[in-house]
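J.: Need a 3D model of the following:
(one chain, ligands or ions: 1)
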Amino acid sequence: MNRWHAARMDSAVHRAQNAAEINQPSPSAMHQAEALALLRRIDQRVRQQLAPQATAIDQQALYPQAMLRGLGDDGAYAALLPAERGGSGLGLATLMAAIAEVGAACGSTAFLAWCQSACVYLLLHAAPRAELQTILAELAAGRLLGGPGLSNAIKHLAGLEAMRLRAEPCPQGYRISGELPWVSNLGPGHLFAAAAACADGDKLAFLVDCDTPGVQLNAGPPIAGMGGTRTLCVKLDQVLITPERVLAEPAAFAGFIRRVRPGFVLAQAAVGLGIVQGCLDDILAANRRDGEQNRWLDHSYDELAAELAALWREAKTLAPLAEAGQLAAPRVLRLRAKVSELCLRAAMSAQLHAGAAGYLLSHPAQRRLREASFIAIVTPTLKQLRREIHLAEQTQPA
Ligand SMILES: Cc1cc2nc3c(=O)[nH]c(=O)nc-3n(C[C@H](O)[C@H](O)[C@H](O)COP(=O)(O)OP(=O)(O)OC[C@H]3O[C@@H](n4cnc5c(N)ncnc54)[C@H](O)[C@@H]3O)c2cc1C
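T.: As a prediction, this is how the structure comes out:
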């Protein structure tokens with residue numbers, strides 16, 4: 001094991017120990033030990049399986065399918081489910097620590113792990129239908145993979161764009177048509193969640209297999225980063241959604257989105273927190289080589305590490321509240337916005353600390369610049385977050 005690996009491992013175990021504290025209030029010793037064991041498994045998988053592939057995922061659009069399934073084997077996604085639903089009950093904060101561990105090595109894979117977890121979270125809170133329960137178990141185990149195509153609906157609810165999918169009621173359920181320009185973690189045998197509007201403006205959320213007749217997956221123009229995320233343009237033409245695949249009927253739609261959104265957004269924030277950790281790893285490595293000159297730079301290791309720790313403290317407070325359905329949206333949106341801002345600062349700082357080496361396409365600091373900008377442009381985007389926070393503060397001053 002070289003020095004870099006030794007340092008990386010030390011910091012991973014340290015993070016795992018921190019993450020074990022990131023748990024429900026007063027976690028039992030057994031609970032903590034289970035969380036720590038999960039994070040150690042993930043740390044090992046990240047080092048052995050993911051780290052050697054990070055460049056190919058970024059530059060050759062390698063889709064890390066085995067890694068995503070492996071995270072399911074390890075129990076990462078099942079952390080979201082209570083024991084009575086077949087999970088470990090370790091909770092959202094532990095899942096966030098797992099996603100962040102992945103994100104420190106590869107932002108694309110962490111985003112995919114979020115996509116998968118988001119599907120699990122949606123199904124956990126969906127209408128209790130037998131078919132959805134079976135799918136939930138498969139998703140939580142990583143045997144079935146999927147993505148959430150909900151950016152459009154979330155932006156629509158914030159008054160930012162029209163619904164892109166239309167639903168027509170039919171005797172067997174609904175027929176859905178329209179197009180979503182970007183949905184990640186897709187492919188043959190995968191599924192995705194989305195929402196559509198009926199002619200009267202009512203909306204519903206549903207789950208659909210990529211192989212269903214009428215679903216077309218098309219590659220879009222080349223993207224600057226996140227190349228391995230299998231992000232595709234989805235076209236739906238009169239796709240049949242039977243009642244068993246409806247996550248939330250129109251009468252329950254608004255409540256469903258309100259219930260899932262805080263946890264959904266928090267889990268996504270973990271991708272950014274992981275990228276910041278990766279930037280800190282890069283800065284540490286650069287400082288070993290050129291610490292004297294690097295002290296003239298803004299956003300030092302210590303400053304960024306303190307900001308990261310503060311965001312983790314807030315995240316671990318918010319996670320159990322989100323799971324209990326007791327978290328007001330503005331607080332989580334503020335955290336999510338701060339994660340985007342810190343990501344951008346940390347990635348630029350990592351690039352400057354790494355110097356010319358960090359300008360090589362093969363250097364992680366270069367990749368993290370693109371991963372960090374993605375965190376700020378994926379829904380909820382930084383501009384949407386600032387707008388929503390501003391509107392919330394106007395109606396309810398902080
Ligand atoms: C790599 C990547 C992965 C993503 N993964 C997902 C995902 O899994 N699920 C999901 O729901 N969303 C996903 N998105 C979409 C993302 O969350 C944003 O909604 C999207 O980037 C639009 O951002 P914006 O709100 O800043 O709109 P803007 O960029 O300001 O765009 C303005 C309008 O143009 C539309 N638009 C933008 N690009 C296109 C395009 N190529 N074709 C047609 N219309 C377009 C937007 O929908 C919007 O209505 C992904 C985006 C990227 C780049």
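J.: who touches the spatially most central residue of the chain in this structure?
T.: The residue lying closest to the centre of the chain (Cα atoms, centre = their mean) is Trp114, at 2.9 Å. Going by Cβ atoms under 8 Å, 6 or more residues apart in numbering, Trp114 touches 99, 267-268, 270-271. No exception for glycine: its C-beta is placed from N, CA and C like everyone else's.
J.: Tell me the one among those residues nearest to Gly225.
T.: Gly225 lies nearest to Val271 out of those, by Cβ to Cβ, at 12.8 Å.
J.: which of the contacts of Trp114 lies closest to Gln394?
T.: When the contacts of Trp114 are compared for distance to Gln394 (Cβ to Cβ), Gln268 comes out closest, at 25.1 Å.
J.: Quickly note the distance from the nearest residue to the closest one once chain neighbours are set aside to Leu232.
T.: Leaving aside its sequence neighbours, Gln268 sits nearest to Trp114 (Cβ to Cβ, 6 or more residues apart in numbering; 5.2 Å). With distances taken as Cβ to Cβ, to the nearest Å, Trp114 is found 17 Å from Leu232.
J.: same question, Arg85
T.: Counting by Cβ to Cβ, the separation of Arg85 from Leu232 is 30 Å.
J.: cool, and Arg41?
T.: 30 Å.
J.: so Ile241 sits right up against Tyr174, yeah?
T.: Yes - between Ile241 and Tyr174 there is a contact under Cβ atoms under 8 Å: 4.7 Å.
J.: what sits in contact with each of those two?
T.: Listed as contacting both Ile241 and Tyr174 by Cβ under 8 Å, 6+ apart are 167, 206.
J.: count of neighbours near the nearest residue to Arg230 once chain neighbours are set aside?
T.: Closest residue to Arg230 apart from its sequence neighbours, by Cβ to Cβ, 6+ apart: Tyr63 at 4.9 Å. Look at Tyr63: counted by other Cβ atoms under 10 Å, it has 20 neighbours.
J.: Tell me the secondary structure of Tyr63, please.
T.: coil (DSSP: H, G, I helix; E, B strand; the rest coil).
J.: Closest one of the contacts of Trp114 to Lys316?
T.: Ala270 (11.0 Å).
J.: quick revisit: so which strand or helix has the residue nearest to Gln268?
T.: Assessed by DSSP states H and E, Trp114 sits inside helix 107-124.
J.: What are the buried residues along that helix?
T.: Neighbour-count burial for helix 107-124, counted by 16 or more other Cβ atoms under 10 Å, picks out 107-124.
J.: and that helix, how far from the chain's centre?
T.: Centroid separation for helix 107-124 versus its chain: 5 Å, with Cα atoms, centre = their mean, to the nearest Å.
J.: who in this structure is up against the ligand?
T.: 115, 147-151, 155, 161, 181-184, 220, 223, 226, 229, 231, 377-379, 381 (Cβ under 6 Å from any ligand atom).
J.: Many thanks, we can stop here.
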